[in-house]
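Participant: pasting the sequence and the predicted coordinates here, then a few questions.
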Amino acid sequence: MRLFCYRLYRAGIRVNEFVEFAPIINDPFFSRPLLKSSGLMLLNASNQMDVLDEIKAFLGCETPREWLELAARPEALGLLLTDHAHCEKKAASTAMTLMFRYVDRSDLLNKMSRLAREELIHFEQVLGIMDGRGLEYGHLSPARYAAGLRKDVRTSEPGRLIDVLIIGGFIEARSCERFAALAPDLDDELARFYRSLLKSEGRHYQDYISLAREYAGEPIDDRVEHFRQLEAELIRTEDDEFRFHSGKPSQALLDNPEALQARPAA
């Protein structure tokens, strides 16, 4: 066990972070009894609630019930997981892009490096779940959500960096809120997996916002409020396609089962 923990350390993954992922790995070495006997504890439920309360206060609205009901349909599972995997990969890509663009900001480099590693682990986990269920991962047309948030990003620095960080915080916060809201309506494996993501996704939201405050050099409340209203509008507005961050499903979407089939990007 010590050797394994040392290897995690060399890979840049702290043991207490890895425990979030352990229940999902199909290997008896990572069984819960072993983790417990090794003195490693899974995320405490009260800590989850603290993070969720903070996130709900940060977001401008909760996910519409109509979206949750659609996401819980068995026929929507393939599309839900496919887009979830894409989201994790894009989150890692965003973190890497920030690292390449802002090479002189050490705090950003450290936090984004850690975030990218965790998002790629999540990506691999989603792929594993899909493979175990016979679901195929492939290309998918992008949702309007991220593009809708980024349309108001300022073009000059440091405003551009601050806005990108704030948007990153909202995307992570919305992901966390949806993981928690979806979990009660999913099967045990997926519910367990989504709950296991709350700690890291909640920390990612906090990292983005703390970096935005650090680099702004002035209050960012007005920009946070601007993107809060924009994000809430995207979530409340009816959407004709289903994605992990899509808005309230339109009646046309609800009435069209074929719309829940994953289609490759054009």
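Facilitator: In hand now; what should we look at?
Participant: what ranges does the stretch 1-150 of the chain have for its helices?
Facilitator: For the stretch 1-150 of the chain, the helices defined by DSSP state H, counting those that start in this stretch occupy 2-10, 15-21, 32-37, 45-58, 65-71, 77-101, 106-132, 144-150.
Participant: those helices: which one's closest to R223?
Facilitator: Minimum separation from R223 across the helices of the stretch 1-150 of the chain (C-beta to C-beta) falls at helix 144-150, 12.1 Å. Yep, even glycine has a C-beta here, placed from its N, CA and C like the rest.
Participant: contacts for that closest one?
Facilitator: The contact list for helix 144-150 (C-beta atoms under 8 Å, 6 or more residues apart in numbering) reads 90, 164, 167, 170-171, 227, 230-231, 234, 239, 243, 245-247.
Participant: redo that, cut-off 10 Å
Facilitator: With contacts defined as C-beta atoms under 10 Å, 6 or more residues apart in numbering, helix 144-150 is touched by 87, 90, 94, 151, 163-164, 166-168, 170-171, 174, 227, 230-231, 233-235, 237, 239-241, 243-247.
Participant: show me those residues that map onto strands.
Facilitator: Members of those lying in strands (criterion: DSSP state E): D239.
Participant: nearest residue to Y194 in space, please, no chain neighbours.
Facilitator: Ranked by C-beta to C-beta, 6 or more residues apart in numbering and with sequence neighbours excluded, the top spatial neighbour of Y194 is F179, at 4.1 Å.
Participant: run the chain-centre distance for the helix or strand hosting the one you found.
Facilitator: Under the criterion of DSSP states H and E, F179 resides in helix 159-182. Centre-to-centre, helix 159-182 and its host chain are 8 Å apart (C-alpha atoms, centre = their mean, to the nearest Å).
Participant: got the buried residues for the following helix or strand past it?
Facilitator: Using DSSP H and E, the helix or strand that follows helix 159-182 in sequence is helix 188-196. For helix 188-196, a neighbour-count test (16 or more other C-beta atoms under 10 Å) marks L190, F193, Y194, R195, S196 as buried.
Participant: one more: stretch 139-147?
Facilitator: Buried positions in stretch 139-147, judged by neighbour count with 16+ other C-beta under 10 Å: L140, A143, R144, Y145, A146.
Participant: gap between the second one and S210?
Facilitator: As defined by C-beta to C-beta, to the nearest Å, A143 lies at a distance of 27 Å from S210.
Participant: now do the same contact list for the residue nearest the centre of the chain.
Facilitator: Central residue check for the chain by C-alpha atoms, centre = their mean: the C-alpha nearest the mean position is that of S175, 4.3 Å away. Applying C-beta under 10 Å, 6+ apart to S175 gives the contacts 55, 84, 87-88, 91, 122, 194, 197-198, 201-202, 204-205, 244-245.
Participant: which pLDDT value does the model give it?
Facilitator: With respect to pLDDT, S175 scores 97.
Participant: and F227, by the same measure?
Facilitator: 99.
Participant: residue contacts, it?
Facilitator: Counting by C-beta under 10 Å, 6+ apart, the residues that F227 touches are G60, L149, R150, D152, V153, D163, I166, I167, G169, F170, I220.
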